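[1] structure of the sequence below:
(one chain, ligands or ions: 1)
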Amino acid sequence: MPKKVPVRQCVACREHKEKPLLARVVRTPEGKAVYDARGKLPGKGAYICRSTACLERAVKSRALNRALEIEITPDVYDALRAQMEESDA
Ligand SMILES: [Zn+2]
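    A predicted model of the protein is given here:
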């Protein structure tokens, strides 16, 4: 039996995808949003496709803000953008 891969929903396109295909943003216990590169940080998480299209959509719609109920600072988007440009390449 292959190990079952957990599935999460992208906040931008609302599609369900396997976790490795998604980037995780976490609201830390301190109430700050951070890009969770390793997917291991504690806190409430939101997921987004590793694609610049979904990222730009999330920026415009503020989907991550709404999912995590806090302000997403530009440095979080910068970190995501850098990661996704790598994935798109
Ligand atoms: Zn998506």
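
[2] packing partners for the longest helix along the chain?
    Ordering each helix of the chain by length in residues (DSSP state H) puts helix 74-88 first. Using 3 or more C-beta pairs under 8 Å, 6 or more residues apart in numbering; DSSP states H and E, the elements in contact with helix 74-88 are strand 22-27, strand 33-36, helix 52-61. Any C-beta I mention is one placed from the backbone N, CA and C, and that applies to glycine too.

[3] angle of that helix against strand 22-27?
    170 degrees (axes from the mean of the first three to the mean of the last three C-alpha atoms, to 10 degrees).

[4] over helix 74-88, what's the mean pLDDT, rounded is fine.
    Mean pLDDT, computed over helix 74-88, is 90.

[5] give me the contact list for it.
    The contact list for helix 74-88 (C-beta atoms under 8 Å, 6 or more residues apart in numbering) reads 23, 25, 33-35, 37, 48, 50-52, 55, 59, 64.

[6] now do that helix against helix 52-61, angle only.
    Between helix 74-88 and helix 52-61, the angle comes out at 160 degrees (the same axes, to 10 degrees).

[7] flag every buried residue along helix 74-88.
    V76, Y77, A79, L80, R81, Q83, M84 (16 or more other C-beta atoms under 10 Å).

[8] same question for stretch 53-70.
    Buried residues in stretch 53-70, counted by 16+ other C-beta under 10 Å: C54, L55, R57, A58, V59, A63, L64, N65, A67, L68.

[9] chain center to that stretch, what's the gap?
    Counting by C-alpha atoms, centre = their mean, to the nearest Å, stretch 53-70 is centred 9 Å from the centre of its parent chain.

[10] ok, stretch 21-39 next?
    7 Å.

[11] how much space between the nearest residue in space to S61 that is not next to it in sequence and the ion?
    In space, and not counting its chain neighbours, S61 is closest to A12: 7.0 Å by C-beta to C-beta, 6 or more residues apart in numbering. Applying C-beta to the ion, to the nearest Å, the value for A12 to the ion is 4 Å.
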